[in-house]
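Student: Kindly generate the corresponding structure for this input.
(one chain, ligands or ions: 3)
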Amino acid sequence: MAQPTESIVSASPEVLAGLDHWRTLPIKQQPDWGDGTALAAASEELSVLPPLIFAGEADQLRNRLAAAAAGQAFVLQGGDCAETFAGATAAQIRERVKTILQMAVVLTYGASVPVVKMGRMAGQFAKPRSSNTETRGEITLPAYRGDHVNGYDFTPESRAADPGRLVKGYHTAASTLNLVRAFTQGGFASLKEVHSWNKGFAANPANARYEGLARDIDRAIRFMEAAGADFDELKRVEFYTAHEGLLMDYERPMTRIDSRNGTPVDTSAHFLWIGERTRDLDGAHVDFFSRIRNPIGVKLGPSTTPETMERLIDKLDPDREPGRLTFIARMGAGKVRDALPPLLEHVKTLDATPLWITDPMHGNGVTTPTGYKTRRFDDIVDEVKGFFEAHRAVGTHPGGLHVELTGDDVTECLGGSEHIDEATLATRYESLCDPRLNHMQSLELAFLVAEELSA
Ligand SMILES: O=C[C@H](O)[C@H](O)COP(=O)(O)O
Ligand SMILES: C=C(OP(=O)(O)O)C(=O)O
Ligand SMILES: [Mn+2]
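Tutor: Numbers count the residues shown, from 1 in each chain. Ligands and ions are numbered 1, 2, ... in the order given. I've put the predicted structure just below:
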């Protein structure tokens, strides 16, 4: 007997043509791929590879983000500034996921709402740069733009953009996501396990300051157990992927039509954000990401005017759909208290409900005399506090935290309870782009934010 066939909805010709409209617009931060033959082959290959995410997962994330925008959830986004192909090892992926899960438990307690967990993972391979070139001594070569584009080694061969890297990036993202799904669905993420890791953090004398909060969390877990909570149900967690939607030659071929409703979905990640350097209102990125169904973010630096913000809302969230648009404020500790409130006030006059999260990393970069790009832990904490203060003053919801972090014991950011100083940076500085919080600094930040949330 013939089985009933599911209806497959295709996209209209207008929708399909719209997906390539960005090609006619000004575009920033794209590499020079050479003669185009290799790029065409890579695009073709990517366009028929299986999607990395299912559109229904992106819909679910949009609902979670809508809850966060309404103050009923809190978002944690974290991971490398620049993921590398070599760094996609079981150990490094495990430590990063573990760190995010540990932070999430602390934040869940502090916020008393669910924490939406998102990795800057499985696709964060492309970087916008301040300069197109890098000079060392007498030699000038193209800047490193992330493993999706070129290699970090300082040779002409390595620094040449190679479209084959787009396909390698897809496969690296696929294997990373596969392991992330295994860890978060297979028992590794069990609340009891994550809690026991956090007890180890709090037992370290360097973290004595957090003992009280750690004890409160421990008591809450024992209460849940006594009250009969089903810890087997707490072994799986939702974990979403996110990266900067930067390289159009990756994002366009990864965009597919959702056969359930005929809408385009960028299947390279659940959530894509537009960076501070590419969010021009009439540029290629804003146009392209306005046409996909995924929840999307936009980074907002301190020069953002209320008018620009309003126009971004009009372009990216014309239907005013809760969860669709996230603003990731990255103002800098010294500016957030002045630059953020006018934006929050202006949103109140509109019919929009964007989610606001803080990126306390990108406005706080400094370079040491010895040439290390770094950030001070105290500045990061100060920006988070300023973000909360701004929301409290205006009466809006501080909805989440976006950080560059790793689960490894690197020495890239200054300060924290291990007191990393300038001399220590050299001992384990591994980032190929921006400095990340290490495992301990990440947890410390989670405890501080949890205190802020429960204040
Ligand atoms: O991650 C963000 C940017 O890519 C990064 O801050 C740019 O750094 P640059 O100023 O060294 O190019
Ligand atoms: C490039 C980044 O940030 P921004 O666009 O805020 O500078 C980033 O998140 O690594
Ligand atoms: Mn960065």
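Student: Low-confidence ranges, the protein, go.
Tutor: 1-6 (pLDDT under 70).
Student: Give me the residue at the spatial middle of it.
Tutor: In the chain, the centroid-proximal residue (CA atoms, centre = their mean) is Arg120; its distance is 3.9 Å.
Student: what sits against it?
Tutor: For Arg120, the contact set (CB atoms under 8 Å, 6 or more residues apart in numbering) comprises Gln77, Gly78, Gly79, Asp80, Cys81, Glu83, Ala242, His243, His402, Glu404. C-beta coordinates here come from the backbone N, C-alpha and C atoms, glycine included.
Student: and it, what are its phi and psi?
Tutor: Dihedral angles of Arg120 (phi, psi; degrees, to the nearest 10) stand at phi -80, psi 70.
Student: Now do it against Leu46, distance only.
Tutor: Using CB to CB, to the nearest Å, Arg120 is found at 21 Å from Leu46.
Student: still on that earlier bit, mind giving me the PyMOL command for buried ones among the contacts of Arg120?
Tutor: Buried residues among those (16 or more other CB atoms under 10 Å), as a PyMOL selection:
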select buried, resi 77+78+79+80+81+83+242+243+402+404
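Student: Could I get the full set of strands for the protein?
Tutor: Under the criterion DSSP state E, the chain contains strands at 74-79, 115-119, 133-136, 139-142, 239-244, 255-258, 263-266, 271-274, 296-300, 325-329, 355-358, 365-367, 373-375, 400-404.
Student: Same list (these) but as a markdown table, adding distance to Ala206.
Tutor: Listed next are the strands of the chain as a markdown table, based on distance: least, CB to CB, whole Å:
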| stretch | distance to Ala206 |
| --- | --- |
| strand 74-79 | 21 |
| strand 115-119 | 25 |
| strand 133-136 | 37 |
| strand 139-142 | 41 |
| strand 239-244 | 29 |
| strand 255-258 | 46 |
| strand 263-266 | 42 |
| strand 271-274 | 34 |
| strand 296-300 | 33 |
| strand 325-329 | 30 |
| strand 355-358 | 25 |
| strand 365-367 | 24 |
| strand 373-375 | 20 |
| strand 400-404 | 20 |
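Student: among those strands, which is nearest ligand 2?
Tutor: With CB to the nearest ligand atom as the criterion, ligand 2 lies closest to strand 296-300 of the strands of the chain, at 3.7 Å.
Student: residues making contact with that closest one?
Tutor: With contact meaning CB under 8 Å, 6+ apart, strand 296-300 is reached by 242, 245, 271-276, 279, 289, 309, 312, 316, 324-331, 343, 357, 359, 362.
Student: dump the residue contacts of the closest residue to Gln30 other than its chain neighbours.
Tutor: Spatial nearest neighbour of Gln30, chain neighbours left out: Met248 (6.5 Å); criterion: CB to CB, 6 or more residues apart in numbering. Residues near Met248 by CB under 8 Å, 6+ apart: Trp22, Ile27, Gln30, Ala284, His285, Phe288.
Student: ok, Met248 to ligand 1 distance?
Tutor: Distance, Met248 to ligand 1, by CB to the nearest ligand atom, to the nearest Å: 17 Å.
Student: where's that residue relative to ligand 3, distance?
Tutor: Using CB to the ion, to the nearest Å, Met248 is found at 19 Å from ligand 3.
Student: what comes up buried for stretch 92-108?
Tutor: Within stretch 92-108, the residues scored as buried using 16+ other CB under 10 Å are 92-93, 95-108.
Student: got it, and stretch 430-449?
Tutor: Of the residues in stretch 430-449, those buried (16+ other CB under 10 Å) are 431-449.
Student: quick revisit: now the strands of the chain in a markdown table, please, with extra columns for distance to ligand 2.
Tutor: Listed next are these as a markdown table, based on distance: least, CB to the nearest ligand atom, whole Å:
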| stretch | distance to ligand 2 |
| --- | --- |
| strand 74-79 | 10 |
| strand 115-119 | 13 |
| strand 133-136 | 17 |
| strand 139-142 | 18 |
| strand 239-244 | 6 |
| strand 255-258 | 21 |
| strand 263-266 | 17 |
| strand 271-274 | 8 |
| strand 296-300 | 4 |
| strand 325-329 | 7 |
| strand 355-358 | 11 |
| strand 365-367 | 9 |
| strand 373-375 | 12 |
| strand 400-404 | 7 |
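Student: Out of the contacts of Met248, which two sit at the greatest distance?
Tutor: Greatest spatial distance among the contacts of Met248 (CB to CB): Gln30 and Phe288, at 12.1 Å.
Student: on that earlier part again, tell me the one of the buried residues of stretch 92-108 nearest Gly386?
Tutor: Among the buried residues of stretch 92-108, Leu107 lies closest to Gly386 (CB to CB), at 18.3 Å.
Student: residues touching that closest one, list them.
Tutor: Phe74, Leu76, Val115, Leu401, Ala446, Val449, Ala450, Leu453.
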